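>>> Generate a structure from the sequence data that follows.
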Amino acid sequence: MTSDVATDEPTRTQPGKGATESPSTTGAARLEPRGWAWSLARFGYRARPTTPLRERLVPSYTDNSKYTGGGWLPCILVMLLAGFIRFWNLGKPKAVIFDETYYAKDAWSLLKLGYEGTWPDKVANDQVLNGQTDILQTQGSYIVHPPIGKWTIAVGEQIFGLTPFGWRFALAVLGTLSVLMLCRIGRRLFRSTLLGCVAGLLMALDGLHFVMSRTSLLDLVLMFWVLAAFGALLIDRDDTRTIAARMFASGPDAARAASMKFGLRPWRIVAGICLGMACGTKWSGLYVLAAFGVLSVMWDAGTRRACGARRPYRATLRHDVLFAFLATVGVAAVIYVWSWTGWLMTDGGYFRHWADDRAGLSPDHVLGVPLPQVSMTWVPAPLRSLWHYHAEMYSFHTGLETPHPYQSNPWSWLLLGRPVAYYFEKVPTGTDGCTETDCYQSVLGIGTPLLWWTGVIALGYMLFRWAARRDWRAGAILCGLAATYLPWMAFQNRTIFLFYAIAFVPFLCLAVAMMLGALLGPPGATERRRAWGTAATVAIIALIAWNFLYFYPILSGETISRSGWLDRMWFSTWI
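Below you'll find the model as predicted:
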């Protein structure tokens with residue numbers, strides 16, 4: 001008679017055989033295979049559960065609550081906080097501060113002439129602040145940056161006029177929207193609304209981002225479009241991997257993965273438009289264009305590898321690289337030329353008619369390399385003039401070595417070695433709230449120190465995650481930071497400033513948010529571990545918020561006593 005009674009008797013190994021003997025319902029011995037997992041289990045080892053292909057391609061969000069509207073509600077709340085502190089007293093100080101003397105007036109000139117005109121020397125700023133806008137002269141002015149950033153500033157001037165509030169308005173809008181974008185980008189990158197909002201909150205509380213959102217310079221516009229391009233490529237990555245997950249629902253297939261085609265990729269085209277806008281703001285966007293193009297192709301190769309392709313890079317080169325180039329570089333080039341429409345369609349721009357009375361020969365050299373000259377009359381004269389203008393702009397940028405009291409070496413940027421004083425005025429006793437003998441109003445272009453110094457540690461963590469753990473998220477953050485930071489290392493002798501670093505501030509905040517996510521603890525962490533991690537994370541964010549509020553008076557032009565100002569000059573290089 002058979003028995004269904006189970007036994008707790010331990011299994012036994014037959015001599016000379018790698019198998020397990022266990023009782024059976026017939027009483028006969030049955031051999032079961034035994035491997036390394038069985039042996040290691042005796043020491044507490046548990047094999048990781050196999051993750052389905054779809055989950056590996058498109059991981060689920062960890063906190064996708066229906067009460068947050070897909071994560072939009074907390075992201076919008078962070079954006080509103082950022083917008084409030086950026087728009088509060090936006091017109092203060094009522095002055096032309098730092099390089100606003102160039103870009104605010106150039107933007108107004110674009111509105112009125114379509115190109116950058118000239119202004120009276122020395123007295124123009126005072127006349128503009130007194131409401132005189134008829135002093136613009138039609139003679140073309142020599143400018144060294146493309147026009148997108150100035151057209152952006154011009155939007156606010158068109159609405160509110162040539163006033164401090166007017167020329168800062170569009171920058172405050174972009175600064176506020178960039179916080180929302182970073183929340184959503186962080187959410188998509190980390191699959192966590194909480195960490196996305198942490199990244200956005202950190203940027204909302206960054207001093208340099210705050211100052212640049214309230215100052216009419218070009219670099220925040222560049223940062224906005226770089227961040228938008230990064231977000232578009234993230235969406236494109238998710239979209240293509242969603243397509244792959246549907247195609248390989250039954251599992252990886254090497255042959256199909258090698259020949260897989262994704263079809264039209266609108267978000268990659270959007271990224272190309274954004275990168276064209278970045279290049280049309282400042283030429284440093286070219287480095288980002290190259291880096292993001294390579295990053296996107298690498299992501300495609302990773303998708304093919306996950307789907308089983310044996311030679312993912314060869315398949316990516318065959319099916320994706322050409323279309324990726326056209327969608328990013330090709331689209332960006334079209335947008336860049338389009339950005340010069342005002343200069344091309346008018347007659348008064350600097351060098352606008354340079355090619356009109358020339359023989360139409362090609363340049364005899366490019367970047368110092370001699371070239372044979374050929375007839376270029378088939379190229380319209382305005383485009384030949386534009387090429388010459390760009391050659392002159394390139395010479396200016398590579399040869400700019402005029403000393404400036406607030407210039408800094410890029411090696412010192414992450415440590416905030418030399419910030420930029422945008423504005424500094426002494427306030428007489430009894431005016432503007434000054435109750436002491438000496439008071440100051442200042443706008444100092446500096447990041448929130450505790451955030452940036454924490455960011456240095458976070459970048460070390462990103463290098464570890466990318467190099468040792470092959471974490472693609474850390475690699476993406478490092479790619480964005482490298483593309484916006486490392487190129488400046490090649491210009492050690494050029495006159496450059498800390499505020500150029502605004503372009504990599506979003507990636508610094510993402511790095512800190514990712515590190516804080518690790519500090520919170522992994523999903524399987526104990527309750528005690530989670531409690532300590534949460535306490536440490538909240539403490540770090542609270543210290544960064546306090547640090548921002550402490551520096552707020554010297555970031556926003558508030559009246560502050562001399563002693564209070566000196567208390568905030570932590571290092572002599574900050575003065």
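>>> Return the residues in contact with the closest residue to Thr163 other than its chain neighbours.
For Thr163, ignoring the flanking residues on the chain, the nearest one in space by CB to CB, 6 or more residues apart in numbering is Gly91 at 6.8 Å. The C-beta positions use only the backbone N, C-alpha and C, and glycine is treated the same way. Contacts here follow CB atoms under 8 Å, 6 or more residues apart in numbering; on that basis Gly91 touches 163-165, 168.
>>> hmm, try it at 7 Å
163-165 (CB atoms under 7 Å, 6 or more residues apart in numbering).
>>> That one and Val155, how far apart?
Separation of Gly91 from Val155 (CB to CB, to the nearest Å): 16 Å.
>>> Helix, strand, or coil at the nearest residue to Phe424 once chain neighbours are set aside?
Nearest-residue entry for Phe424: Ser442, 4.7 Å, with adjacent residues in sequence omitted and distances by CB to CB, 6+ apart. Of the three states, Ser442 takes strand according to DSSP: H, G, I helix; E, B strand; the rest coil.
>>> quick one: Ser442 and Tyr422 touch, right?
No - contact status for Ser442 versus Tyr422: not in contact, 8.2 Å apart, counting by CB atoms under 7 Å.
>>> Three-state assignment for Pro506, please.
What three-state DSSP gives for Pro506 is helix.
>>> What about Phe497, how many residues nearby?
When counting by other CB atoms under 10 Å, one arrives at 20 neighbours for Phe497.
>>> can you check Trp532 too?
Applying other CB under 10 Å, we find 15 other residues in the vicinity of Trp532.
>>> Please report how far it lies from Leu195.
When distance is defined by CB to CB, Trp532 is 18 Å away from Leu195.
>>> got it, and Ala359?
Distance of Ala359 to Leu195, computed by CB to CB: 61 Å.
>>> ditto for Pro252
Pro252 is 30 Å from Leu195, by CB to CB.
>>> and if you look at Pro523?
Using CB to CB, we find Pro523 at a distance of 13 Å from Leu195.
>>> Give me the more crowded residue out of those two.
The residue with more neighbours, out of Pro523 and Leu195, is Leu195; 22 against 7, by other CB under 10 Å.
>>> Verify the stated contact: the more buried one with Met515.
No - at 10.2 Å, Leu195 and Met515 do not qualify as touching, with contact defined as CB under 7 Å.
>>> Now do the shared contacts for the two.
Both Leu195 and Met515 lack any common contacting residue under the criterion CB under 7 Å, 6+ apart.
>>> Let me know the helix or strand that the residue nearest to Leu174 when sequence neighbours are not counted is in.
What sits nearest to Leu174 in space, not counting adjacent residues and going by CB to CB, 6+ apart, is Phe224, at 4.5 Å. Under the criterion DSSP states H and E, the helix or strand holding Phe224 is helix 219-247.
>>> Heading C-terminal from that helix, find the next helix or strand.
Under the assignment DSSP H and E, the closest C-terminal helix or strand after helix 219-247 is helix 254-258.
>>> Buried residues, the next helix or strand after that following helix. List them.
Note on helix 254-258: by DSSP H and E, the next helix or strand toward the C-terminus is helix 266-279. Along helix 266-279, the positions that meet the burial threshold by neighbour count (16 or more other CB atoms under 10 Å) are 267-279.
>>> Take those and write them to JSON lines, including pLDDT.
Supplementary listing: those in JSON lines, determined by pLDDT from 0 to 100:
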{"residue": "Trp267", "pLDDT": "97"}
{"residue": "Arg268", "pLDDT": "97"}
{"residue": "Ile269", "pLDDT": "97"}
{"residue": "Val270", "pLDDT": "98"}
{"residue": "Ala271", "pLDDT": "98"}
{"residue": "Gly272", "pLDDT": "97"}
{"residue": "Ile273", "pLDDT": "98"}
{"residue": "Cys274", "pLDDT": "98"}
{"residue": "Leu275", "pLDDT": "98"}
{"residue": "Gly276", "pLDDT": "98"}
{"residue": "Met277", "pLDDT": "98"}
{"residue": "Ala278", "pLDDT": "98"}
{"residue": "Cys279", "pLDDT": "97"}
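>>> nearest to Arg304, of the residues you listed?
Arg268 (16.1 Å; CB to CB).
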